[in-house]
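Here is a sequence together with a model predicted from it:
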Amino acid sequence: MMRAFSVSFLRSNPLLLSHSSGNSAVVALDNHYYYNSSSSCCCCVFTSTFHVYAISHFSTNPNPFKPNSTFPYSSDPTHARLKQLLLEKSKTGFDKLDDALVLFDKMLHRKPLPSIFQFAQLLAALVKMKQYSVAVSVFRDICVKGIPVDIVTFNTAINCFCHLNRVDYAFSLLAGTIKRGFHPDVVTYTTLITGLISQDNPAEAQLLFTNLIRFKLIQPNVVTYNTIINGLYKRAHACTAVTLFRYMEKKGCQPDTVTYSTLIDCLCKLRLVDQALGLLHEMTKKGITPNVITYNSLIQGLCDFNRWQDVNQLLSEMNTRNISPNVRTFNILVDAYGKEGMINDVEDVIEFMIQRGQHPDVVTYSALMDGYCLRGEVDKALAVLETTMKKRGIVPTFVPIIF
């Protein structure tokens, strides 16, 4: 008997996550996932062969069943060539979705079938391309073909469901994973927590995380904490992010540059710049080196309060640490000085920027034009728009109305 798996039941009964008994599956019916307590494998019910459907449905090729001639492996690749191709594409993605689908079809017709590791690389390539729906469909067909899957493959499918804003399906798939005897790892649960946060459910994410710690199902690492802290911060749950940061330290997990940079940016956006500077001092005292992202957040925060002396001090500190300013750094300065009418400083920054090998972009020149307009120097603003930007091949994202 099949029953819809309750996500809320799973979250409210964390002990379920620490046990695996019996056989189960996650079965696709009418595009929905259900928990099947009687099945012995993770499979999906289909009325037709998926790879035929996928190539015809997702392909952009007018004749999808004829291999695209531009694809270098349109003929059957050797084992070595297949291995090389999948390794490369798992990191970069395919140029076209057609190429991935054609290769998947060929992999299904190879005898013997490629290993699950190679199918997992194909899934990774689809994820790189942000083709999450296609990746889920490929995962389903892998299950139908009886190809033994592993926890990495399950994690990829769970990640895709989260990106598709179907965390309920992701939890249902988790149930099938556990019932099959797999042990979800820190990647599995980090993905699910991130999925909950992305759906603006930080309370449920925090509850799940707390239960995972309480029942010792995972040992969170710095990546886990960074992922959750970043997700909380981006969804305006700064207080929860800071609380989790201190909890992380209490549990003996050492924060890194990413952790501190995220929180520093968070505090600066809340206009708590002194607290952010305190975190900078704290991280350097611990021997954790800040990067250009860390400094950019602080410089932006200080510029918002016109604290130019502190800005200069940070720029000097960056130079001492051999941390080179990037385009973002210079644009922050150009924008801040321009808004204050400090046009000479703006021009000096742009000149120094070019000397350092950084190329001003549309943001740089837009800020420069704003600065000129604030001073009533409309002719100079027009000269930037009509001469300098055109000469450098920079197309404005909008044409400013200059009075």
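Nice, I can see it.

For stretch 340-349, what is the distance to the chain centroid?
Distance of stretch 340-349 from its chain centroid, counting by Cα atoms, centre = their mean, to the nearest Å, is 36 Å.

which residues touch the helix or strand containing residue 368?
Assigned by DSSP states H and E, residue 368 belongs to helix 362-374. Under the criterion Cβ atoms under 8 Å, 6 or more residues apart in numbering, residues 327, 330-331, 334-335, 337-339, 341-343, 346-347, 350, 353, 378, 380-381, 384-385, 388-389, 394-397, 400, 402-403 lie in contact with helix 362-374. In this view, the C-beta of every residue, glycine as well, is placed from N, C-alpha and C.

for it, what is the average pLDDT?
On average, the pLDDT along helix 362-374 is 91.

buried ones in that helix?
Neighbour-count burial for helix 362-374 flags 363, 364, 365, 366, 367, 368, 369, 370, 371, 372, 373 (criterion: 16 or more other Cβ atoms under 10 Å).

Can you add distance to residue 290 and give those residues back as a markdown table?
Conversion of the buried residues of helix 362-374 to a markdown table gives the following (distance: Cβ to Cβ, whole Å):
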| residue | distance to residue 290 |
| --- | --- |
| 363 | 23 |
| 364 | 24 |
| 365 | 29 |
| 366 | 28 |
| 367 | 25 |
| 368 | 28 |
| 369 | 32 |
| 370 | 30 |
| 371 | 29 |
| 372 | 34 |
| 373 | 35 |
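
pretty sure residue 196 contacts residue 190?
No - the pair residue 196 / residue 190 is not scored as a contact, 11.0 Å apart, by Cβ atoms under 8 Å.

Mind listing the shared neighbours of those two?
Common neighbours of residue 196 and residue 190, counting by Cβ under 8 Å, 6+ apart, are absent.

so where's the chain uncertain?
Scanning the chain for pLDDT under 70 picks out the ranges 1-76, 397-403.

ok so, going back, just the buried ones from the contacts of helix 362-374?
Those of the contacts of helix 362-374 that meet the buried threshold are 330-331, 334-335, 337-339, 342-343, 346-347, 350, 353, 380-381, 384-385, 388-389, 394, by 16+ other Cβ under 10 Å.

Among those, which are located in helices?
Of the positions in these, 330-331, 334-335, 337-339, 343, 346-347, 350, 353, 380-381, 389 sit in helices, assigned by DSSP state H.

now, among the residues you listed, which is nearest to residue 209?
Among those, residue 331 lies closest to residue 209 (Cβ to Cβ), at 36.4 Å.

which one is that closest one nearest to, not counting chain neighbours?
Nearest residue to residue 331, sequence neighbours excluded (Cβ to Cβ, 6 or more residues apart in numbering): residue 363, at 4.9 Å.

Please apply the same query to residue 195.
residue 162 (3.1 Å).

what's the spacing between the one you found and residue 218?
Distance, residue 162 to residue 218, using Cβ to Cβ, to the nearest Å: 17 Å.

who's more crowded, these two?
A count of neighbours by other Cβ atoms under 10 Å puts residue 162 above the other of residue 162 and residue 218, at 23 against 19.

My guess is the more buried one contacts residue 190. True?
No - in this structure, residue 162 is not within contact of residue 190 by Cβ under 8 Å, at 10.4 Å.

With respect to residue 108, which of the buried residues of helix 362-374 is nearest?
The closest of those, once distances to residue 108 are taken by Cβ to Cβ, is residue 363, at 47.5 Å.

so residue 218, which of the three states?
Using DSSP: H, G, I helix; E, B strand; the rest coil, the structure places residue 218 in coil.

Do I have it right that it meets residue 189?
Yes - between residue 218 and residue 189 there is a contact under Cβ under 8 Å: 5.5 Å.

Identify the contacts common to those two.
Common neighbours of residue 218 and residue 189 are listed as 212, 224 (criterion: Cβ under 8 Å, 6+ apart).

that older thread, go through the buried residues of helix 362-374 and say which is closest to residue 205.
Among these, residue 363 lies closest to residue 205 (Cβ to Cβ), at 33.9 Å.
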